[in-house]
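Engineer: okay, sequence plus prediction incoming.
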Amino acid sequence: MINKQADTVVQAIGKIDDGATIMVGGFGTAGIPDELIDGLLEVLEGSQTRHLTLVNNNAGNGDVGLAAILKTGRVDKLICSFPRQTDSYVFDGLYRSGKLELELVPQGNLSERIRAAGAGIGAFFTPTGYGTDLAKNKDGSLKETREINGRMYVLEHPIYGDVALIKAERGDRWGNLTYRKSARNFGPVMAMAAKRTVASVHEVVPLGTLDPETIVTPSIFVHSIVQIPRTATVGGGFKKQA
């Protein structure tokens, strides 16, 4: 019987190898898999894993979440589209001291490069970034360009992941997932682009409950799921239990 539901977050994440590329969903405060990030920290604390690459929309806030992962010193490279904000001092310190490599990617390109990995696309041309420093390789050389219908395009390559940590709304024991509104963001494409996808869900429903027409991430892309309780807060919002 297929049952991808794990009892704990740490069990769901499992082992992280040296040099792994880890994709983390979320955009701003929407769709961030906070509990999975905390679980990843716990997994890393009990291992010697290093030389990680993180792929995310941003570089974290304060000392928690993604910033806490960066603070461990186990991340060599960050691929993101929005690394700096008022409280991104962990990233700032690591980057300015040369301890963290940054690959800055326009947000649309980031999403499409991840999607290309999951869709089996070898590379694609995009106008975004042409004529800027973003159209250069790491060594300073120019990326391949091409004129198409009178407009210049830059060749971009897929971003593959070893592990994707994403947040969904509902799932079943096979790993079929649905999302809540904008919390969907990078989750579906990251699930497709990674060798192993771990998803947190607020509800685990019986097989057949999810309308096939509403399933966004099919079970074939999901390795494990873990249920995270949710409690109501003052004002009608929701807060996930620690």
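Structural biologist: Yes, it's here.
Engineer: so what does the spatially most distant residue from the centre of the chain look like in phi/psi?
Structural biologist: Within the chain, the residue lying farthest from the chain centre (CA atoms, centre = their mean) is residue 150, at 34.8 Å. When read as degrees, to the nearest 10, the backbone of residue 150 gives phi 80, psi 10.
Engineer: give me the pLDDT value at it.
Structural biologist: At residue 150, the model reports a pLDDT of 97.
Engineer: tell me where the model's unsure across the chain.
Structural biologist: 231-242 (pLDDT under 70).
Engineer: how does this structure divide into domains?
Structural biologist: Following automatic domain parsing, one gets these domains for the chain: 17-122+160-240, 125-156.
Engineer: determine which stretch of those domains is the most buried.
Structural biologist: Comparing the domains of the chain by mean neighbour count (mean count of other CB atoms under 10 Å), domain 17-122+160-240 ranks first with a mean of 18. Any C-beta I mention is one placed from the backbone N, CA and C, and that applies to glycine too.
Engineer: check the offset of that domain from the chain's centre.
Structural biologist: Distance, stretch centre to chain centre, for domain 17-122+160-240: 3 Å (CA atoms, centre = their mean, to the nearest Å).
Engineer: just give the closest residue to the most centrally placed residue in the chain, not the sequence neighbours.
Structural biologist: The centroid of the chain falls nearest to residue 24 when counting by CA atoms, centre = their mean (2.3 Å). Counting by CB to CB, 6 or more residues apart in numbering, residue 24 lies nearest to residue 56, which is 4.5 Å off, once chain neighbours are set aside.
Engineer: tell me who's in contact with the one you found.
Structural biologist: Neighbouring residues of residue 56 by CB atoms under 8 Å, 6 or more residues apart in numbering: 23, 24, 25, 26, 66, 78, 79, 80.
Engineer: hmm, 10 Å instead?
Structural biologist: Residue 56 is in contact with 22-27, 32, 37, 65-66, 69, 78-83, 110, 165, 186, 190, counting by CB atoms under 10 Å, 6 or more residues apart in numbering.
Engineer: please tell me how far the residue farthest from the centre of the chain sits from residue 127.
Structural biologist: According to CB to CB, to the nearest Å, residue 150 and residue 127 sit 11 Å apart.
Engineer: residue 5 too?
Structural biologist: Applying CB to CB, the value for residue 5 to residue 127 is 43 Å.
Engineer: ok, now residue 215?
Structural biologist: According to CB to CB, residue 215 stands 33 Å off from residue 127.
Engineer: residue 58 too?
Structural biologist: Distance, residue 58 to residue 127, using CB to CB: 24 Å.
Engineer: repeat that for residue 10.
Structural biologist: 43 Å.
Engineer: ok, now residue 63?
Structural biologist: For residue 63, the distance to residue 127 (CB to CB) stands at 38 Å.
Engineer: cool, and residue 156?
Structural biologist: Distance of residue 156 to residue 127, computed by CB to CB: 11 Å.
Engineer: now do residue 167
Structural biologist: Going from residue 167 to residue 127 by CB to CB gives 32 Å.
Engineer: ok, residue 209 next?
Structural biologist: Counting by CB to CB, the gap from residue 209 to residue 127 is 43 Å.
Engineer: could you find the closest non-adjacent residue to residue 92?
Structural biologist: Spatial nearest neighbour of residue 92, chain neighbours left out: residue 84 (6.8 Å); criterion: CB to CB, 6+ apart.
Engineer: quick check, that neighbour in a strand?
Structural biologist: No. Using DSSP: H, G, I helix; E, B strand; the rest coil, the assignment for residue 84 is coil, not a strand.
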